[in-house]
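Q: Sequence and computational prediction follow.
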Amino acid sequence: MTDTLRNILSKVPVVPVLTVHGPEDAVPLARALVAGGLTVLEITLRTEGALRAIEAIARDVPEAMIGAGTVLTPSQISEAMSAGAGFIVSPGSTVKLAEAAQHQNIPFLPGVATASEAMLMAELGHHVLKFFPAEPAGGVAYLKSLGAPLPHLTFCPTGGIDAEKARAYLALSNVICVGGSWVTPAAALKAGDWAIVTQLAKECAGLR
Ligand code: 3PG
């Protein structure tokens, strides 16, 4: 499953982290991002409509690979898979979740912020990890330091990242891609300005 996850995340330099309320806002947003070259999306399970949004994107925007984010429990893994998610993202890294993802045979990107958490996930077979919350936890310098003793682990830093910071993370040898919400500014979403979203997505897609 680590190889499958590596294949998914190596397709794009940036994974937009999206909190949407349902199909109405999710589908045009996904289309705009895919049009700009960002084909791997994380939909957070932080709203009532998130699972319906995943279902609608899976149906209407088949070019998109959808990760379900903010997954906190094993039952959310099953729900996200039924909705059409192709991988699972969590802000943290519990043994229960890691084992449930393995049992369900779905790629899992667990969140870690320390060497111990990263080592525990590696012991359970997860070698591609979300570094979260990237900026508050120590940013580029911290992640570079983790890479020295743990060169076999690969990270997707997320949390507090913008285009400039993304460039610096992407220059590290242990970073496969970065995640973040800066690609979809609230004002553009509110205005339904999908052209701006596509433009920002193109800039992100060109970061590497
Ligand atoms: C996440 O869920 O991964 C983060 O909330 C996204 O972080 P950002 O909004 O700071 O980019």
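A: Perfect, I can see it now.

Q: Quick one: the strands in this protein, in order.
A: Counting by DSSP state E, residue ranges of the strands within the chain are 14-18, 40-44, 65-69, 87-89, 108-109, 111-112, 128-131, 154-157, 178-180.

Q: what about the last one, average pLDDT?
A: For strand 178-180, mean pLDDT is 98.

Q: if we can go back for a sec, could you say which of the strands of the chain is packed most deeply?
A: When the strands of the chain are scored by mean count of other Cβ atoms under 10 Å, the highest mean neighbour count falls to strand 108-109 (a mean of 30). No exception for glycine: its C-beta is placed from N, CA and C like everyone else's.

Q: so does that strand get close to the ligand?
A: No - using Cβ under 6 Å from any ligand atom, strand 108-109 stays clear of the ligand, with a minimum separation of 10.0 Å.

Q: so how far is that strand off the chain centroid?
A: Centroid separation between strand 108-109 and its chain, computed with Cα atoms, centre = their mean, to the nearest Å, is 9 Å.

Q: Parallel or antiparallel, list what pairs with that strand.
A: Strand 108-109 has its sheet partners listed here by DSSP bridges as strand 87-89 (parallel).

Q: any bit of the partner strand sitting next to the ligand?
A: No - Strand 87-89 lies out of reach of the ligand by Cβ under 6 Å from any ligand atom, never closer than 7.3 Å.

Q: Tell me the residues of the chain that contact the ligand?
A: For the chain, the residues in contact with the ligand (Cβ under 6 Å from any ligand atom) are Val17, Thr44, Gly69, Phe132, Thr158, Gly159, Gly160, Ile161, Gly179, Gly180, Ser181, Trp182.

Q: Name the nearest residue to the fourth one, ignoring sequence neighbours.
A: What that stands for is Phe132. Distances taken as Cβ to Cβ, 6 or more residues apart in numbering put Gly111 closest to Phe132, at 3.9 Å, once the chain neighbours are dropped.

Q: Is the one you found bridged to anything, and to what?
A: According to DSSP bridges, the residues that bridge with Gly111 are Lys130.

Q: so it touches Pro91, yeah?
A: Yes - proximity of Gly111 to Pro91 meets the contact threshold set by Cβ atoms under 8 Å, at 4.3 Å.

Q: Mutual contacts of the two, please.
A: Common neighbours of Gly111 and Pro91 are listed as Lys130, Phe132 (criterion: Cβ atoms under 8 Å, 6 or more residues apart in numbering).

Q: Can you show me the helices along the protein?
A: Shown for the chain, the helices assigned by DSSP state H span residues 2-9, 23-35, 50-60, 74-83, 95-104, 115-123, 134-137, 139-147, 163-170, 186-191, 194-205.
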